[in-house]
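Asks: return a 3D structure for these sequence lines:
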Amino acid sequence: MLGNIYVIRSLKDSILQLVSSKCMPTLLYGLQAGCLNKSTINSLDIVVNRILRNLFKTNDISIVKHGQCEFNFNLTFQVIFSYIL
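Replies: Here you go, the predicted structure:
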């Protein structure tokens, strides 16, 4: 049982590494050239939340937020653009 938990955790960790290294740069490419308002940033966060909901197999946002903390995946567009803007 514990072996399965560690395999699942390492698989999810690998998927999150791929998302942060391959998907996020693609989504971020060229965004500084345009004018971003709060609704656009929220729309981009929906993409990240949908990936995490599929990964954690839930629609509960509190579980998604807990999973983000557990896997140290804090790459949301709200956080990213708070540094840029």
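
Asks: residue contacts, D13?
Replies: F71 (C-beta atoms under 8 Å, 6 or more residues apart in numbering). Just so you know, the C-beta spots here come from the backbone N, C-alpha and C atoms, and that holds for glycine as well.

Asks: go on, I51?
Replies: So I51 contacts V19, C23 (C-beta under 8 Å, 6+ apart).

Asks: now with 6 Å?
Replies: V19 (C-beta atoms under 6 Å, 6 or more residues apart in numbering).

Asks: tally of neighbours for V19?
Replies: Residues lying near V19 (other C-beta atoms under 10 Å) number 17.

Asks: for it, which non-adjacent residue is closest in space?
Replies: Distances taken as C-beta to C-beta, 6 or more residues apart in numbering place I51 nearest to V19, at 5.9 Å, with adjacent residues excluded.

Asks: run through this protein and note the low-pLDDT ranges.
Replies: 1-7, 75-85 (pLDDT under 70).

Asks: follow-up on the earlier one: ok, now how distant is the residue nearest to V19 from K12?
Replies: 11 Å (C-beta to C-beta, to the nearest Å).

Asks: quick check: the gap between Q17 and D60.
Replies: 24 Å.

Asks: need the longest helix for this protein.
Replies: For the chain, the helix that runs over the most residues, judged by DSSP state H, is helix 38-56.

Asks: would you put the C-alpha positions of that one in CSV?
Replies: Taking Å, rounded to 0.1, in the frame of the first residue of the first chain, the C-alpha atoms of helix 38-56 are listed here in CSV:
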residue,chain,number,x,y,z
LYS,A,38,-7.5,41.0,-13.7
SER,A,39,-10.1,39.0,-15.7
THR,A,40,-7.5,37.9,-18.2
ILE,A,41,-5.2,36.8,-15.4
ASN,A,42,-8.1,34.9,-13.7
SER,A,43,-8.8,33.2,-17.1
LEU,A,44,-5.2,32.0,-17.2
ASP,A,45,-5.5,30.7,-13.7
ILE,A,46,-8.4,28.6,-14.8
VAL,A,47,-6.0,26.7,-17.1
VAL,A,48,-3.7,25.9,-14.2
ASN,A,49,-6.6,25.0,-11.9
ARG,A,50,-8.0,22.6,-14.5
ILE,A,51,-4.7,20.8,-14.9
LEU,A,52,-4.5,20.4,-11.1
ARG,A,53,-8.1,19.3,-10.8
ASN,A,54,-7.5,16.6,-13.4
LEU,A,55,-4.2,15.5,-11.7
PHE,A,56,-5.8,15.3,-8.3
